[in-house]
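Chemist: Attaching a predicted model along with its sequence, questions to come.
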Amino acid sequence: MNVSSPDIPVVVAIDGPAGSGKSSVSKEVARRMGYGFLDTGAAYRALAWHVQASGVDTDDAASVVASLASFDYRIGTDPAGYAVHVGEVDVTTAIRDPEISAVVSRVARVPDVRTHLIELFRSSMAGEARPGIVVEGRDITTVVAPDAPVRILLTASPEVRAARRSAELVGSSAEHVGDAIRKRDEADSKVVEFMSAAEGVTTVDSTELDFDQTVDAVIGVIRNIQPVTD
Ligand SMILES: Nc1ncnc2c1ncn2[C@@H]1O[C@H](COP(=O)(O)OP(=O)(O)OP(=O)(O)O)[C@@H](O)[C@H]1O
Ligand SMILES: Nc1ccn([C@@H]2O[C@H](COP(=O)(O)O)[C@@H](O)[C@H]2O)c(=O)n1
């Protein structure tokens, strides 16, 4: 049993820069703990996809905001059944395309977009039926869920992040990927702070850790703050 109220899911908030392992580590932590998993970056990516698919310029903030009216976004919180839909289209793979990564910061910097999506995130968190939910992004520890009992900044060195990401992408050098990651972090940092831990946020640096060690480190932080009592 968890020490917090059984009716309110425990929120584990995880932020970090691009490629720091937020999605993969959070999903595995959620799976092992029997918690839900919410990837908030997927919403910004799906909106960027929707904006482009609608023929709207991602730099045109007013048109991006207008396109929220037709943004029929769905994502579940089952870590074993991760899928992202816009209307009837399964965009799970399409939103990971480097072309979307290159433009997503343009829609994410629009204040009305953030307000709209943060409402969606909070409603998903409140509706979670499992005993907890791992929510990952850039502003979860500071804006979306600043009162979460567990708040973690997941980091790794820029070189390690670039190497891990380029290993996933066929035909992309670590140098090219590193450059794209750096540009995205630079753009995103103008809107939200995620390069250093806010007060009360625990840093987990995975630079010297493999995937399982990182998952264990995150679960260790959760257990330390939310001890299992039976
Ligand atoms: N500690 C680790 N050791 C080795 N590989 C890792 C580790 N953590 C994550 N990875 C790998 O690094 C890659 C990037 O991880 P992931 O996509 O989860 O990062 P992210 O922070 O969600 O990225 P983005 O912000 O770009 O969406 C994946 O291939 C993942 O399996
Ligand atoms: N809480 C968040 C999460 C994401 N973003 C923006 O979305 C982009 C994609 O996020 P990934 O986690 O999938 O890399 C990210 O580059 C940000 O522009 C955000 O603003 N806030």
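Modeler: Received it, and whenever you're ready, just let me know what you need. Ligands and ions are numbered 1, 2, ... in the order given.
Chemist: Could you list the buried residues of the host helix or strand of I222?
Modeler: Assessed by DSSP states H and E, I222 sits inside helix 211-225. Buried residues in helix 211-225, defined by neighbour count with 16 or more other C-beta atoms under 10 Å: 214-215, 217-219, 221-222, 225. C-beta here means a position set from N, CA and C on the backbone, and glycine is covered the same way.
Chemist: Equivalent analysis for stretch 122-136, please.
Modeler: Per 16+ other C-beta under 10 Å, stretch 122-136 contains these buried residues: 124-125, 128, 130-136.
Chemist: Report whether the helix holding I222 contacts ligand 1.
Modeler: Yes - using C-beta under 6 Å from any ligand atom, helix 211-225 reaches ligand 1 at 211, 214.
Chemist: What distance do you get for the most centrally placed residue in the chain to A129?
Modeler: The centroid of the chain falls nearest to G137 when counting by C-alpha atoms, centre = their mean (3.0 Å). Per C-beta to C-beta, to the nearest Å, G137 is found 21 Å from A129.
Chemist: same question, L47
Modeler: 26 Å.
Chemist: cool, and P146?
Modeler: 24 Å.
Chemist: repeat for G178
Modeler: Look at G178 and A129: by C-beta to C-beta, they are 40 Å apart.
Chemist: now swap in V221 and tell me
Modeler: 24 Å.
Chemist: List just the nearest of the buried residues of stretch 122-136 to D7.
Modeler: Nearest to D7 among the buried residues of stretch 122-136, counting by C-beta to C-beta, is P131 at 9.9 Å.
Chemist: Cross-check the contact I'm expecting between the closest one and Y35.
Modeler: Yes - using C-beta atoms under 8 Å, P131 is in contact with Y35, at 6.8 Å.
Chemist: Ligand 2 contacts on the protein?
Modeler: Going by C-beta under 6 Å from any ligand atom, the residues of the chain near ligand 2 are 18, 22, 40-41, 44-45, 104-105, 108, 137-140, 184, 188, 192.
Chemist: let's see it at 8 Å
Modeler: Within the chain, the positions near ligand 2 by C-beta under 8 Å from any ligand atom are 15, 18-19, 22-23, 39-45, 95, 101, 104-105, 107-109, 114, 117, 121, 136-140, 144, 184-185, 187-188, 191-192.
Chemist: show me where the protein has helices.
Modeler: For the chain, the helices defined by DSSP state H occupy 22-33, 41-53, 61-66, 98-108, 111-126, 158-168, 174-189, 211-225.
Chemist: With mean pLDDT added, can I get those in TSV?
Modeler: Putting the helices of the chain into TSV (pLDDT from 0 to 100) gives the following:
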stretch	mean pLDDT
helix 22-33	98
helix 41-53	98
helix 61-66	98
helix 98-108	96
helix 111-126	98
helix 158-168	93
helix 174-189	94
helix 211-225	97
